[in-house]
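Student: Dropping a prediction and its sequence here:
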Amino acid sequence: MEGAPAMSSREGEAGGLCRTAGHIVGDGPASAAPLAPENVQLRWLRMADAETRHLDRWFGLLAASEQVRAMRFRNRADRAAYVAAHALLRHMLSEALGGDPRAWVFVTGSFGKPALAASHLRPRPHFNISHTRDLVACAIASAPVGVDVEASNGEAPRAVAERFAPGERAMLAKAAGAEYRSIFFRLWTLKEAYLKATGEGLSGRLDSPAFQLDPLRATLWPSENDPAEPSNPDAWRFLEFLPCDGHRLALAVLRPDQAPLDVLAAAIDPADLG
Ligand SMILES: CC(C)(COP(=O)(O)OP(=O)(O)OC[C@H]1O[C@@H](n2cnc3c(N)ncnc32)[C@H](O)[C@@H]1OP(=O)(O)O)[C@@H](O)C(=O)NCCC(=O)NCCS
């Protein structure tokens, strides 16, 4: 099945972005109105900006079970990123929909994807978080959404790339060094964002969607776990961001190709969280 979500690409500085490839229609504070179908809210937080006093406050926003999970991280940076990501999610849900950030209750699906508990209002928004030691991100939308952040200056594992689509492997085969890493992490974040949007996670296949880069295009193979209609190949939209040095962020959202998509994307100041 061919899936080629059209992308309007734009390069340049905008609202805290180091560089953007994708369709951005605005940035700044999220609206307090309920999420419109075309609206995706994306925020990221640089952990270098987070101080102990912020982390202490954010820890207090978490549910007891999240606090227990946080304390299980032996590495301080991992623990801090976990706390920040979960506080950011609670903050964004309350900012968009109202209510106390501490009141949100979550359940997990079959592959571990968290969702809002049935006790919350309907329609319940979709969301996804991602955390690395240096950067955390959260996206909320009225349709399935996935976000992935990765440190892109590390090792690009060749064993993983072997599971990519033939065209992607061919792209990588022609590249070396920094160029190889750049292509690998672009593909990897895009794939993970998609697998997190569908909820399959790493149990899903790595050869679909198959991506072409510059311009960004995706070819999607039918999958039983894919919530997109098999007859609607253009259902997924993909966007890429460079929120800070050495990190990539990819976003996948279920939204028909011809439908408008407004992505409100910005860094959040730690002082404004919680
Ligand atoms: C989801 C997954 C791709 C995350 O990869 P990662 O790069 O290590 O982590 P990220 O920081 O990008 O995202 C982690 C967050 O994604 C969310 N998440 C977890 N499972 C998810 C899934 N299946 N789909 C979408 N999001 C998921 C969680 O909020 C998680 O944060 P938390 O662990 O702090 O609660 C990977 O952990 C995975 O595939 N998990 C599924 C494992 C599985 O198949 N389990 C089946 C038995 S339950």
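Tutor: Structure's in. What do you need?

Student: residue with max distance from the center of the protein?
Tutor: Most distant from the centre of the chain: residue 174, at 28.3 Å, with distances by C-alpha atoms, centre = their mean.

Student: Please list the residues of the protein that sit near the ligand.
Tutor: Taking C-beta under 6 Å from any ligand atom as the contact definition, the chain meets the ligand at 82, 85, 111-114, 128-131, 148, 192, 195-196, 199, 201-203. Where C-beta positions appear, they are placed from N, C-alpha and C, glycine not excepted.

Student: Which of these fall in helices?
Tutor: With DSSP state H as the criterion, helices contain 82, 85, 192, 195, 196 from among the residues of the chain next to the ligand.

Student: which one of those sits closest to residue 39?
Tutor: Residue 39 has its nearest neighbour among those in residue 196, at 19.1 Å by C-beta to C-beta.

Student: Name all residues that make contact with the residue farthest from the centre of the chain.
Tutor: Going by C-beta atoms under 8 Å, 6 or more residues apart in numbering, residue 174 touches no other residue.

Student: From residue 184, how far out is it?
Tutor: Separation of residue 174 from residue 184 (C-beta to C-beta, to the nearest Å) stands at 13 Å.

Student: pretty sure residue 111 contacts residue 196?
Tutor: No: contact criterion C-beta atoms under 8 Å: residue 111 and residue 196 do not qualify, at 9.6 Å.

Student: out of those two, which sits in the more crowded spot?
Tutor: Using other C-beta atoms under 10 Å, the more surrounded residue of residue 111 and residue 196 is residue 196, with 26 against 15.

Student: quick one: pLDDT of the more buried one?
Tutor: At residue 196, the pLDDT value in this model is 96.

Student: How about it: what's its closest non-neighbour residue?
Tutor: Nearest residue to residue 196, sequence neighbours excluded (C-beta to C-beta, 6 or more residues apart in numbering): residue 146, at 3.3 Å.

Student: Do you have the strands of the stretch 51-200 of the chain handy? List them.
Tutor: Secondary structure of the stretch 51-200 of the chain, counting by DSSP state E, counting those that start in this stretch: strands at 106-108, 114-116, 126-131, 135-141, 145-151.

Student: Would you point to the one among the ones you listed that's packed deepest?
Tutor: strand 135-141 (a mean of 27; mean count of other C-beta atoms under 10 Å).

Student: how far is that one from where the chain is centred?
Tutor: Centre-to-centre, strand 135-141 and its host chain are 5 Å apart (C-alpha atoms, centre = their mean, to the nearest Å).

Student: what's it packed up against?
Tutor: Taking 3 or more C-beta pairs under 8 Å, 6 or more residues apart in numbering; DSSP states H and E as contact, the helices and strands that strand 135-141 lies on are strand 39-46, helix 76-97, strand 126-131, strand 145-151, strand 247-254.

Student: any chance of these in a markdown table, plus distance to residue 107 and mean pLDDT?
Tutor: Compiled in a markdown table, these are given as follows (distance: least, C-beta to C-beta, whole Å; pLDDT from 0 to 100):
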| stretch | distance to residue 107 | mean pLDDT |
| --- | --- | --- |
| strand 39-46 | 21 | 97 |
| helix 76-97 | 14 | 96 |
| strand 126-131 | 13 | 97 |
| strand 145-151 | 17 | 97 |
| strand 247-254 | 20 | 97 |
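
Student: And the contacts of stretch 51-66?
Tutor: Outside stretch 51-66, the residues within contact range by C-beta under 8 Å, 6+ apart are 67, 70, 80, 83-84, 86-87, 90-91, 101-102, 105-106, 270-271, 273-274.

Student: Kindly recompute the last result at 6 Å.
Tutor: Under the criterion C-beta atoms under 6 Å, 6 or more residues apart in numbering, residues 80, 83, 86, 87, 90, 101, 102, 270, 274 lie in contact with stretch 51-66.

Student: repeat for stretch 139-146
Tutor: With C-beta under 6 Å, 6+ apart as the criterion, stretch 139-146 contacts 35, 37, 40-42, 92, 125-128, 147, 193, 196-197, 227, 251-255.

Student: Got a ChimeraX select line for the buried ones in those residues?
Tutor: Buried residues among the contacts of stretch 139-146 (16 or more other C-beta atoms under 10 Å), as a ChimeraX selection:
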select :35,40,41,42,92,125,126,127,128,147,193,196,197,251,252,253,254,255
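
Student: For the ones in helices among the residues of the chain next to the ligand, pick the one with the most neighbours.
Tutor: Counting neighbours by other C-beta under 10 Å, the top entry in these is residue 196, with 26 neighbours.
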